[in-house]
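1. Build the 3D model from these lines:
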Amino acid sequence: MTALESERGAALITALMLTTLALVIALALLSTIITGTQVAASQKRYRSALSSAHGGLDLFTSEILPRLFQSGYSATDFHNDFPGIDLKVTLDPCLQQKLTLARADWSACSEAQASPDPAQAPETEFRLAGDPPAKGFNVSTKIIDTVPGNTDRSGYYLLDAGGAVAAQDDVIHPQHVPAMYNIYVQGVREEPETREKARLSVLYAY
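-> The predicted structure is shown next:
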């Protein structure tokens, strides 16, 4: 009789141990699933913000930057050429120095304008609409450093007369040394205290 009770006690302890082990495994599996879901959501938010920053960079380098070199091009012209994105361009002496001079010669720039934070006194700001009901993204760009070159800054390509025989004429073409710009771009979801944010640092030759 004593031996039978002892075996029952051992079976109960074994059952409790197996139950505890199963519970620990279930909790570990649940924790892994929750963590994976949180990581996937975080990556999705980052990819959305990163896409907005890439789009903002394309717009700035291909459309806005060439217009900045054209004389007489005003903030109103920018607003009229890019309706619907609430484009704001800071056309001031600091920006003109950033376009043509090395960083050491940016005497007209304040500390905020010269800082590497693209959200602090950026040169351009605009809004990229989101897919409703999702909010859009606010994109800001800022030139952080400049290496001057000899690029034509008229904003137009100047073709030589008789371009078909240009290789045989006597015109001497200087070697093209492009201006180099270190540009910071930030894309942020337009929601208060949002965590959807991405920043790019790009070296662009113009």
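
2. For the rest of this, base every contact and every neighbour count on C-alpha atoms.
-> Will do.

3. Contacts for stretch 54-67, please.
-> Identification of contacts with stretch 54-67 by CA atoms under 8 Å, 6 or more residues apart in numbering yields 73, 139-141, 153, 155, 185, 187, 200, 204.

4. Weed out the non-buried ones from these.
-> 139-141, 153, 185, 187 (16 or more other CA atoms under 10 Å).

5. Out of the residues you listed, the closest to Ala22 would be?
-> Looking at those and their distance to Ala22, the nearest is Gly187, at 45.5 Å (CA to CA).

6. Packing partners of the host helix or strand of that closest one?
-> Under the criterion of DSSP states H and E, Gly187 resides in strand 180-189. Applying 3 or more CA pairs under 8 Å, 6 or more residues apart in numbering; DSSP states H and E, one finds that strand 180-189 makes contact with helix 2-59, strand 137-147, strand 197-205.

7. what's the spacing between it and its chain's center?
-> In terms of CA atoms, centre = their mean, to the nearest Å, the centre of strand 180-189 is set 5 Å apart from its chain centre.

8. Need the residues that contact it.
-> Identification of contacts with strand 180-189 by CA under 8 Å, 6+ apart yields 49-50, 52-53, 56-57, 116-119, 135-149, 194-206.

9. quick revisit: ok, of the contacts of stretch 54-67, which one's closest to Pro174?
-> Looking across these and measuring by CA to CA, the closest to Pro174 is Arg153, at 15.1 Å.

10. Could you find the closest non-adjacent residue to the residue nearest to the spatial centre of the chain?
-> What sits nearest the mean C-alpha location of the chain, by CA atoms, centre = their mean, is Ala53, with 3.1 Å. Using CA to CA, 6 or more residues apart in numbering and skipping the chain neighbours, the partner closest in space to Ala53 is Gly187 (4.7 Å).

11. Next, the buried residues of the strand or helix carrying Ala112.
-> Per DSSP H and E, Ala112 falls inside helix 111-114. Buried positions in helix 111-114, judged by neighbour count with 16+ other CA under 10 Å: 113-114.

12. Could you point out the helix or strand that follows that helix?
-> Assigned by DSSP H and E, the successor of helix 111-114 is strand 124-128.

13. Give me the angle between that next one and strand 137-147.
-> Angle, strand 124-128 to strand 137-147, by axes from the mean of the first three to the mean of the last three CA atoms, to 10 degrees: 150 degrees.

14. tell me the mean pLDDT for strand 124-128?
-> Averaged over strand 124-128, pLDDT sits at 89.
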